[in-house]
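*Asks:* everything below, folded, please.
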Amino acid sequence: MSLGPAHPVSTHPVLAALLSRPCAAVMGILNVTPDSFSDGGQFISPDAAQAQALRMVADGADIIDIGAESTRPYGAQPITAEQEWQRLSPVLAGIVALGTAVSIDSMKAAVVARALGAGVSIANDVWGLQRDPEMARVIADYDAPVIVMHNRETIDATIDIVEDIKSFFDRSLAIAARAGVAARNLVLDPGIGFGKTPEQSMAALARLTELHGFGLPILVGASRKKFISTVVASEPPRRLGGSIAAHLLAAQRGAGIIRAHDVLETVQALRVMAAIEDNK
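*Replies:* Got it, this is the predicted structure:
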């Protein structure tokens, strides 16, 4: 099968299992929040969260990414680490017990440490180790894989966003190295929709292969993002077609993990694309 540039395969056992599959792994999004941009409030109760996690596993999710604080780039309400943990703790054990890899979507080192201690296997930091000074140390202490996402405090339409992403990752990788985080633990995420104009988000996707120079796996999460509505006007729940288009393109350009709300449809699209390629 040839789907464009091959993605690097990590030697970390968790990532190796995910990245050695015939097509990109799918990370299903589980928000136990009242204010996430697309599905806030739907899965905040433990029963609803557990049911959604079971549904995503049945639909083919390779990872469940659970977050208890909205990280949407506009209008999110910050909460304390203790408030975040109070949302997570009633649901975490049951989701870990499903046996599918679980990632914790948090920018707080204290929350990540507690989640890793409770059986979560991957950290997902939307500030790429650059917001909480303790984050890299926690990752190193647990020898955990970490998603290092590009972000910006402000949007600047005048910059070359891909060059900015590269510079950001250079800083993140230096932080990781100083803390003793092994390169095999790192996955890069260009942060579609975070600190970017819609055009910059699309440029990051179009030029995704430029990130292969880091020699690290890439995750892309374009699911239901606002840039889709600038091409075809749509509210978040009605952006499935645009999400799949972006994710298929990302997989063709070497993304090894796709983060999505709509797991069933995303898994189907990736597998059908792979099957077609196999029948050339």
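*Asks:* now the helices: where do they sit in the stretch 101-250 of the chain?
*Replies:* For the stretch 101-250 of the chain, the helices defined by DSSP state H, counting those that start in this stretch cover 109-117, 135-142, 161-179, 198-206, 226-231, 240-252.
*Asks:* mind giving me the packing neighbours of the first one?
*Replies:* If I follow you right, that is helix 109-117. For helix 109-117, the packing partners by 3 or more Cβ pairs under 8 Å, 6 or more residues apart in numbering; DSSP states H and E come out as helix 81-96, strand 101-105, strand 122-125, helix 135-142. Just so you know, the C-beta spots here come from the backbone N, C-alpha and C atoms, and that holds for glycine as well.
*Asks:* so which of the ones you listed is the most packed in?
*Replies:* A comparison of the helices and strands packed on helix 109-117 by mean neighbour count, using mean count of other Cβ atoms under 10 Å, puts strand 122-125 on top with a mean of 28.
*Asks:* partner strands of that strand and their direction?
*Replies:* Strand 122-125 has these partner strands in its sheet, going by DSSP bridges: strand 101-105 (parallel), strand 146-149 (parallel).
*Asks:* got CSV for those strands, with distance to Trp85 too?
*Replies:* Putting the strands paired with strand 122-125 into CSV (distance: least, Cβ to Cβ, whole Å) gives the following:
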stretch, distance to Trp85
strand 101-105, 11
strand 146-149, 19
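*Asks:* want to throw these into JSON lines with distance to Glu163 and mean pLDDT?
*Replies:* Putting these into JSON lines (distance: least, Cβ to Cβ, whole Å; pLDDT from 0 to 100) gives the following:
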{"stretch": "strand 101-105", "distance to Glu163": "27", "mean pLDDT": "98"}
{"stretch": "strand 146-149", "distance to Glu163": "17", "mean pLDDT": "98"}
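*Asks:* the helices and strands packed on helix 109-117 into a markdown table, with extra columns for distance to Gly180?
*Replies:* What follows is the helices and strands packed on helix 109-117, written out as a markdown table (distance: least, Cβ to Cβ, whole Å):
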| stretch | distance to Gly180 |
| --- | --- |
| helix 81-96 | 23 |
| strand 101-105 | 20 |
| strand 122-125 | 15 |
| helix 135-142 | 4 |
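*Asks:* if we can go back for a sec, figure out which of the strands paired with strand 122-125 is closest to Pro217.
*Replies:* strand 146-149 (9.5 Å; Cβ to Cβ).
*Asks:* how about the CA coordinates for the closest one, as PDB?
*Replies:* The C-alpha trace of strand 146-149 is given here as PDB (Å, rounded to 0.1, in the frame of the first residue of the first chain):
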ATOM      1  CA  VAL A 146       3.100  12.800  24.600                       C
ATOM      2  CA  ILE A 147       1.300  14.600  21.800                       C
ATOM      3  CA  VAL A 148       3.200  17.900  21.300                       C
ATOM      4  CA  MET A 149       0.700  20.400  19.700                       C
END
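*Asks:* just how off-centre is that strand within its chain?
*Replies:* 8 Å (Cα atoms, centre = their mean, to the nearest Å).
*Asks:* for Val263, give me its contacts.
*Replies:* Residues in contact with Val263 (Cβ atoms under 8 Å, 6 or more residues apart in numbering) are Val26, Gly28, Arg55, Met56, Asp59, Gly60, Ala61.
*Asks:* nearest residue to the fourth one other than its sequence neighbours?
*Replies:* In this case it means Met56. Gly28 (3.6 Å; Cβ to Cβ, 6 or more residues apart in numbering).
*Asks:* and for Ala174, the neighbour number?
*Replies:* 12 (other Cβ atoms under 10 Å).
*Asks:* check what pLDDT it gets.
*Replies:* We have a pLDDT of 98 for Ala174.
*Asks:* ok, it to Ala275 distance?
*Replies:* In this view, Ala174 and Ala275 are 41 Å apart by Cβ to Cβ, to the nearest Å.
*Asks:* go on, Arg137?
*Replies:* Applying Cβ to Cβ, the value for Arg137 to Ala275 is 43 Å.
*Asks:* how about His150, what does it touch?
*Replies:* Gly128, Asp164, Ile165, Phe168, Phe169, Leu188, Asp189, Pro190, Gly191, Phe194, Gly195.
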